[in-house]
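Undergrad: Return atomic coordinates for the entry below.
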Amino acid sequence: MKLSQFPIYIIDAFTKELFKGNQAAVVPLDSWLPEGVMQNIASENNLSETAFFVRNDVGVYEIRWFSPLKEIDFCGHATLASAYVIFTHLGEKGTITFWAKAVGSIEVNERDNERIEMRFPNREPEVLSEVPEALKNGLSIKPLEYHKNQQAYFAVYASEEDVKNVVPDLEKLKTLAPLDVVVTAPSRAYDFASRYFWPANGGVEDPVTGSIHAGLAPFWAKRLGKNELIALQASARSGVLYCRVSEGYIFISGMCKEYLEGNITLTY
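TA: I've put the predicted structure just below:
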């Protein structure tokens with residue numbers, strides 16, 4: 001048996017208000033825990049994601065993300081929360097780099113106005129030529145268009161009201177695994193709005209999904225003819241993301257609000 005204790009933080013990401021945005025648990029480690037232990041911690045936390053990271057010999061933070069159900073390839077809000085913890089509690093300033101197997105290097109910078117900016121790969125979606133029946137029948141309001149990238153199906157609507165009012169059939173959408181479903185439309189107060197459903201990978205609806213904006217930002221940049229956009233994720237908690245599209249990369253920034261600092265003590 002092994003006794004271990006390590007810190008844990010719960011951060012509300014993509015918001016400046018407590019109890020808004022998307023909650024992420026962040027667990028800094030000196031070395032990796034067994035995968036099953038990390039999954040159990042994430043399941044116990046029961047948040048959209050728990051991020052674990054280890055600083056390697058060259059100063060890069062290797063990061064892994066776990067939903068309550070499984071390990072996730074790419075998570076934006078928990079990366080933002082992890083960067084906040086590193087800048088606020090671990091003494092780093094300016095620029096840090098994360099590394100994850102599925103996405104490679106993620107450069108993160110402190111910006112003005114309490115924002116933290118992450119550099120993501122461009123994951124612009126493509127038009128979907130054959131639409132799965134589960135996608136056609138899994139949303140209560142029929143979209144105008146369907147697209148797809150490595151992470152999710154995109155259902156494009158005419159109005160923000162449609163995005164807010166659409167009801168997902170979670171059992172149907174679950175059969176689309178491993179892909180999730182994002183619904184999106186132009187926004188009145190922002191440039192575009194979205195919601196994100198992921199019954200096969202994490203839960204019913206993700207409050208704010210940073211990673212999918214690596215696809216949403218370039219999609220709407222072309223539609224709206226602008227490379228700097230402000231996005232609303234119109235979940236019950238809601239969140240605001242600042243997006244910048246450049247050649248080859250998508251920059252997503254946001255704010256964080258710390259909810260909890262504590263410790264985990266495990267015997268395994």
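Undergrad: Sketch out the low-pLDDT regions of the stretch 1-150 of the chain for me.
TA: For the stretch 1-150 of the chain, the stretches flagged by pLDDT under 70 are 1.
Undergrad: That one: strands as residue ranges?
TA: Under the criterion DSSP state E, counting those that start in this stretch, the stretch 1-150 of the chain contains strands at 3-13, 22-29, 49-55, 61-66, 71-72, 95-100, 104-110, 116-121, 126-127, 145-148.
Undergrad: Who are the packing partners of the longest one?
TA: Secondary-structure packing of strand 3-13 (3 or more C-beta pairs under 8 Å, 6 or more residues apart in numbering; DSSP states H and E): strand 22-29, helix 76-89, strand 256-267. Quick note: C-beta positions are derived from backbone N, CA and C, even for glycine.
Undergrad: closest one to T50 among those?
TA: strand 22-29 (4.1 Å; C-beta to C-beta).
Undergrad: could you dump the closest one to PDB, C-alpha only?
TA: Listed in PDB are the C-alpha atoms of strand 22-29, where the atom choice follows Å, rounded to 0.1, in the frame of the first residue of the first chain:
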ATOM      1  CA  ASN A  22     -17.000  25.500 -16.500                       C
ATOM      2  CA  GLN A  23     -15.600  23.900 -13.400                       C
ATOM      3  CA  ALA A  24     -12.300  22.000 -13.700                       C
ATOM      4  CA  ALA A  25     -10.300  20.200 -11.000                       C
ATOM      5  CA  VAL A  26      -6.600  20.600 -11.300                       C
ATOM      6  CA  VAL A  27      -4.100  18.200  -9.700                       C
ATOM      7  CA  PRO A  28      -0.400  19.100 -10.000                       C
ATOM      8  CA  LEU A  29       1.800  16.000  -9.700                       C
END
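Undergrad: Tell me which strands that strand pairs with, and in which orientation.
TA: strand 3-13 (antiparallel), strand 49-55 (parallel) (DSSP bridges).
Undergrad: With Y190 as the reference, name the closest of those.
TA: Using C-beta to C-beta, those put strand 3-13 closest to Y190, at 17.4 Å.
Undergrad: distance between that closest one and the chain's centre?
TA: 18 Å (C-alpha atoms, centre = their mean, to the nearest Å).
Undergrad: picking up where we left off before, among the helices and strands packed on strand 3-13, which comes closest to L139?
TA: strand 22-29 (21.8 Å).
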